[in-house]
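J.: Got a sequence here, can you model it:
(3 chains)
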Amino acid sequence: MEYKTHIRVRNLSVSYGKEQALKNVTVDLPEKKITAIIGPSGCGKTTLLKSFNRLIDSIDGIKVQGEVYLNGDNIYGPGIDVTHLRKKMGLLSQRPHPLPMSIYDNVAYGPRIHGIRKKRRLNEIVEHYLRESSLWDEVKDRLHTPASRLSVGQQQKLCLARGLAVEPQIILGDEPTSALDPNASQRIEKKFLQLKEKYTIIIVTHILRQAMRLADYVVFMYLGELIEHGPAQRVFKEPQEELTRGYIKGVII
Amino acid sequence: MKLRFVEEKFFNLLMVVSTVLIVASLVAILVTVFIKGLPALRLSMITQVPKGGFYLGKEGGILNAILGSLYLAGGATVLAIFISLPIVIYFNVYAPERSVFVNLCRFSLDVLWGVPSIVFGAFGFTIMLFFGLRASLLGGIIAVALLILPVMSRAMDEVVKMVPRGLLEASYSLGATKLETSVKVVVRQALPGILTAVLVAFGRGIGDAASVIFTAGFTDSIPISLMRPAATLPLAIFFQLGTPFPEVQERAYASALVLTFMILVISIAARLLTKSFTKHVIK
Amino acid sequence: MGYDEQAQRNDNAKTGTSAMHLIRGLQDKLARISMLALACFAGLLVLLMALGLYLRSWPILESMPLMELLLSSSWHPLKGEFGLLPFLAGTVWVTGVSIVIAVPFSLLCAMYLAEYAPTRIREWVKPLVDLLAGIPSVVYGICGILIIVPLIKDYFAPLFGSFSTGYSVLAGGVVLAVMVFPIIIHVSLEVFASVPYEVREASLALGATRWQTTKKVVMRRAMPGILAAAVLGLSRAFGETMAVLMVAGNVARVPKSLLDPAYPLPALIANNYGEMMSVPLYDSALMLASLVLLLVVLFFNVLSRLILIRIERGIQ
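T.: This next block holds a predicted model:
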C-alpha cells in the first residue's frame, strides 16, 4: 500500500538537560491514516507527539535538534509562527482539560481567537463540531452551563470538538482514552475511525489492543529510540526487530 | 514513669491555655470596640462631614474619612492589581520554569511584605518630593499601592501556580498565544483566589494609617480631586483620640467600631466570594 | 449535514491572514516586555526604597558622623542635635518584651493546633487567628489604651510599689505581642506541617508520649522554621507604628525599666511629620530613621526567608 506522507521527521533529537528523550528519530507519518505510537512508558512517545506542535518548547532546558516537516515546511525552521502551526493540529491529552468556561465558549474559544466574531457563524461552528464529536444531542439544551459539570467522557468529546473547531489537518492524541471508562473509550475510538476520512490522526497509546484496533501505521519506540515503524498489519504480524516482538508478546512492558 | 504523664498533662494544659488566651484576645478586642463604640455611634457620624469645632465636641461626622479611606484603598487596590496581575502572569506563564530571576523576584516580594508601613510612607514621601507633589489622595494611593503590592501579588502567585499545566497546553494547542491563554484561561481559572487576594489587600489598605500620614494628609472635606489631601478613617480615629475632650474620644471609639465593622465585612466577603465564583473552575 | 463549506472557506481565508497573526504576535511580545518590566520593578522595589531613603538622609549624614547620630541620646531638633539612641533603645525594649511574650504563647498555640487539636477546633481557630491579623493597628492601639494601660497603671505598677501612667514599654510590648501572634502561629503551622507524619509515628511506636514526640522529634525537626517564624514576628514588631505610638508614652529618653515610657523609632517618624519641613535637617533625620528601620527589618526578613526556603527545598 502506498502512503502519502504528511509529517516528515528527520534526525530529531530532544534532550532535557542531561537526559536524552529522543535519539535521532527519522520517520514519515502518512496522511489521513491513524498512526499509533507505541512502546513502554518513558520511551519518548509523548515527547515525539508534542514535538509536532512544539508544545515541548516551554519545557525547562529543552534542546531540539533535527527537523520536522509539515507539508514541506520545517516547523523548527526560522520564521515559523508557533500559534499558526498549532492551529493546524488538535490535541487530546490524557485527561480531558476543558477550559474554565461554558460548553459553548469552549468550542468557540479557538475560532474566536482566530478572528471569527459573528454570532451566527459561531453558533453554526459550535453546533457543527459538537455534532461531529457526537456530543450535540447530550448538551444542546445546556450549551451555556459550565463545561466542568460534564462527565469525564463528555469532557473528552468536548475537547475533541474544541480541537476540531480550529480546522486542523491533524489530530494528536496523547493516550486520549486513559482516563475514560470502557464505554466512553469505545465511543472515542469509533469517532477516530470516522475522523480519519478527513484528518491525519496520530495517537500515543500504551494499550496494545487499542493500537491493533485502530492503527493503519505503527511506530514502536524504546528508550527514546525509534525501533521499528511500518504498516500496522506488517508490524503486528511480522515484526522485524527482537524488541518489537518482545513488546508485542508482552515480554517487555 | 509517672513523671512523663504528668509532664504530658501539664504541657497539654499550657497549650490549651495559650490557644484560649489568643482567641480570647481577639474576642476582647472585638467586645471592647463594640461596647465602647456603640453608645457613641450616631447616624450623623457616618452621614456628615466634620462641622466647625468637631474636634472640640461639636456637631458633625466622619463621612470625609470613610469616603477618603474607601477612595484611597480602592484606588490603591486598582493600581496594585495592574502591577500584580502582570507580574504573576509573567512568573507563571511567560517565564521559564525554575527561573532564577523569578525566584529572586518572589524572594524580594516576600521581604517587601515584611517592610513596615511607616517606611512605605516615608518612601512615598520621597517619591512625592521627587515629583513635586504635595500630600494628596494620589500620593496616598501610590504609597498604599506599594504597601499592598507584596500581599496581593504573592497571594495571587500562590493560586495562579495551581492552574494545571494541561489547561495551558490545551489552550496553546488551539493556537492561542500566551497572552490570550493568560487572559482567557489562567485568570478565569484562578479567579476566586485572585478575588480573595484583592479583598485581603483592600482590607490591609483600608486599615493602614502609618503609610498615609505623610502622603495623603488630612482634611475635613470629602475628597474631590486626586491632587487634594484626603482624610482616612484610621487617622481620623487617631486624631479624635488625641484630643483632650471625652466626647471626641468617645467618637473615636465609635469610628473604630465603623472601621472594625468594615474590615470584618471585607474578610467575610472574601470567604464568601471564594465560594461563589467557582462555577467555571475546573476542579 | 448542511454545514456551510463556503463559510468555512471564508473563515479559513480570514483566519489565515498574516496581518492578524502579526498583530497577535506583536501583542504577545508587547505583553511579555511590559510584564517583564513590571516584574523587574517589583523585584528591585526594595533596593529602590533603600536608595531613595539614603538619598534623602544624605544631608544629615554629611553634616554629622553616623555613629554620633546612632549613639547620642540628645534629641533636640531645634538645636540641631539628632541623637537617635533613645528611639533605638525604645524600639529594642518594646520589641524585646513583645517577643518574650509572643513566642511561647504562639508556639504553644501552634503546637496545639498542629499536633493535638481535633480537626473541628482547628477549622474554627485558624480563621479567627487570620482575623486577628487583619485588625487595623489603630484598633489595637485603642484596645491597648482601654485595657492594657489602665491595667498596668492600677494593678501591675502598684504591685511592684512603683508609679506608672500605664503608657510604658510593657504596654507597648503586650499590644505588639498580640499583633505578632498571628504571624508566628501562621508560619509555625506551616513548619509543623512540613514535618513528615512518619517521623511522629516512628516515635509514638517506640512508646513515647505525644508530648515527648512533639518535644524531641517534631520540635527538633522544626527548630529552624520556628526560629524563622519568631524572627518574622520580631521584624513585624520592630516596624509597627500606630499601635505603639498610642500606648508607649513617647518620652525621648532611654527607658530603664518595663514601666518607663518609651519612644520607639517608628513612632518618632509618624509623630513629627508636621514640623519636620520647617526645621533644618529634621526631615533628613527622620528619613535616616526610616532607613535604619528598613535596613534592620530587611536583615531580619532576609534571614528568616532564607531559612524558610531551605526548609521548603528540604521537603521537595
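J.: going forward, measure contacts between C-alpha atoms and count neighbours the same way
T.: OK.
J.: all helices of the stretch 51-200 of chain B, in order?
T.: According to DSSP state H, counting those that start in this stretch, the stretch 51-200 of chain B carries its helices in the segments B:63-89, B:100-113, B:117-131, B:137-161, B:165-172, B:178-181, B:187-189, B:191-207.
J.: looking at these, which is closest to residue A:196?
T.: helix B:165-172 (21.5 Å; CA to CA).
J.: do that closest one and chain C meet at all?
T.: No - Helix B:165-172 does not reach chain C (CA under 8 Å from any CA of the partner chain); its nearest approach is 12.9 Å.
J.: Just the buried residues of that helix, please?
T.: Neighbour counts over helix B:165-172 (16 or more other CA atoms under 10 Å in any protein chain shown) mark B:166-172 as buried.
J.: what do you get for stretch C:145-163?
T.: Those would be C:145-150, C:152-153, C:156-157, for stretch C:145-163 by 16+ other CA under 10 Å.
J.: for the record, mean pLDDT for it?
T.: Stretch C:145-163 shows a mean pLDDT of 89.
J.: ok, now stretch C:202-209?
T.: 85.
J.: First-to-last residue distance for it?
T.: End-to-end distance of stretch C:202-209 (CA to CA, to the nearest Å): 12 Å.
J.: For the stretch 51-200 of chain A, just list every one of the strands.
T.: A:62-70, A:73-74, A:89-92, A:170-174, A:200-204 (DSSP state E, counting those that start in this stretch).
J.: Toward the C-terminus from the helix or strand in which residue C:237 is found, list the very next helix or strand.
T.: With elements taken from DSSP states H and E, the one containing residue C:237 is helix C:219-239. Next along the chain after helix C:219-239, taking DSSP H and E as the criterion, comes helix C:242-247.
J.: Please determine whether that following helix lies in contact with chain B.
T.: Yes - Helix C:242-247 is in contact with chain B by CA under 8 Å from any CA, via residue C:242.
J.: Tell me how many other residues crowd residue C:205.
T.: Using other CA atoms under 10 Å in any protein chain shown, residue C:205 has 9 neighbouring residues.
J.: contacting residues for it?
T.: For residue C:205, the contact set (CA atoms under 8 Å, 6 or more residues apart in numbering or on different chains) is empty.
J.: tell me what the helix holding residue C:237 is packed against?
T.: Of the remaining helices and strands, those touching helix C:219-239 by 3 or more CA pairs under 8 Å, 6 or more residues apart in numbering or on different chains; DSSP states H and E are helix C:85-111, helix C:169-193, helix C:282-315.
J.: what does the stretch 51-200 of chain B have sitting close to chain C?
T.: B:83, B:86-87, B:89-90, B:94, B:104-112, B:114-119, B:122-123, B:126-127, B:177-179.
J.: let's see it at 7 Å
T.: B:83, B:86-87, B:90, B:94, B:105, B:108-109, B:111-112, B:114-116, B:118-119, B:122-123, B:126, B:177-179 (CA under 7 Å from any CA of the partner chain).
J.: Surely residue B:96 is in contact with residue A:62?
T.: No - between residue B:96 and residue A:62 there is no contact under CA atoms under 7 Å: 10.6 Å.
J.: picking up where we left off before, report the inter-axis angle for the helix holding residue C:237 versus helix B:100-113.
T.: 60 degrees (axes from the mean of the first three to the mean of the last three CA atoms, to 10 degrees).
J.: Run through the residues that contact residue A:89.
T.: Residue A:89 makes contacts with A:53, A:168-172, as judged by CA atoms under 7 Å, 6 or more residues apart in numbering or on different chains.
J.: Go again with 8 Å.
T.: Contacts of residue A:89 (CA under 8 Å, 6+ apart): A:53, A:163, A:168-172, B:173-174.
J.: Can you report how many residues lie near the closest residue to chain C within the stretch 1-150 of chain A?
T.: In the stretch 1-150 of chain A, the residue that lies nearest chain C is residue A:114 (5.3 Å; CA to the nearest CA). Residues within reach of residue A:114, counting by other CA under 10 Å, total 24.
J.: Phi first, then psi, for it.
T.: When read as degrees, to the nearest 10, the backbone of residue A:114 gives phi -90, psi 20.
J.: What separation do you get for it and chain B?
T.: Per CA to the nearest CA, to the nearest Å, residue A:114 is found 8 Å from chain B.
J.: surely residue C:251 meets residue C:267?
T.: No - judged on CA atoms under 8 Å, residue C:251 makes no contact with residue C:267 at a distance of 10.6 Å.
J.: got the buried residues for stretch A:241-253?
T.: Residues of stretch A:241-253 classed as buried by neighbour count (16+ other CA under 10 Å): A:243-245, A:247-248.
J.: Chain neighbours aside, what residue packs nearest to residue A:189?
T.: Excluding the flanking residues, the one nearest residue A:189 by CA to CA, 6 or more residues apart in numbering or on different chains is residue A:214, at 7.3 Å.
J.: what angle sits between the helix ranked longest in chain C and helix B:137-161?
T.: In chain C, with assignment by DSSP state H, the single longest helix is helix C:18-56. Here the directions of helix C:18-56 and helix B:137-161 differ by 120 degrees (the same axes, to 10 degrees).
J.: what about stretch B:214-233, how long is it end to end?
T.: Using CA to CA, the end-to-end distance of stretch B:214-233 comes to 15 Å.
J.: quick one: contacts of that stretch?
T.: Stretch B:214-233 is contacted from outside by B:49-50, B:62-69, B:72, B:121-122, B:124-125, B:128, B:134-141, B:143, B:206-207, B:209, B:235, B:255, B:259, C:270, C:273, using CA under 8 Å, 6+ apart.
J.: Buried ones in that stretch, by neighbour count?
T.: Buried positions in stretch B:214-233, judged by neighbour count with 16+ other CA under 10 Å: B:214-223, B:226, B:228-233.
J.: Show me those residues that map onto helices.
T.: Those of the buried residues of stretch B:214-233 mapping onto helices are residue B:233, per DSSP H.
J.: residue of chain B with the smallest distance to chain A?
T.: residue B:175 (4.2 Å).
J.: And for that residue, the neighbour number?
T.: 28.
J.: correct me, but it touches residue A:90?
T.: No - if you go by CA under 8 Å, residue B:175 and residue A:90 don't touch, sitting 9.2 Å apart.
J.: residue contacts, residue B:190?
T.: Here residue B:190 is in contact with B:159-160, B:163, B:281 (CA under 8 Å, 6+ apart).
J.: 7 Å instead?
T.: B:159-160, B:163.
J.: want to try a markdown table for the residues you listed, with distance to residue A:74 and pLDDT as columns?
T.: Output for the contacts of residue B:190, formatted as a markdown table (distance: CA to CA, whole Å; pLDDT from 0 to 100):
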| residue | distance to residue A:74 | pLDDT |
| --- | --- | --- |
| B:159 | 38 | 92 |
| B:160 | 34 | 94 |
| B:163 | 32 | 92 |
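J.: quick check, nearest of those to residue A:128?
T.: residue B:163 (30.1 Å).
J.: Thanks a lot, see you next time.
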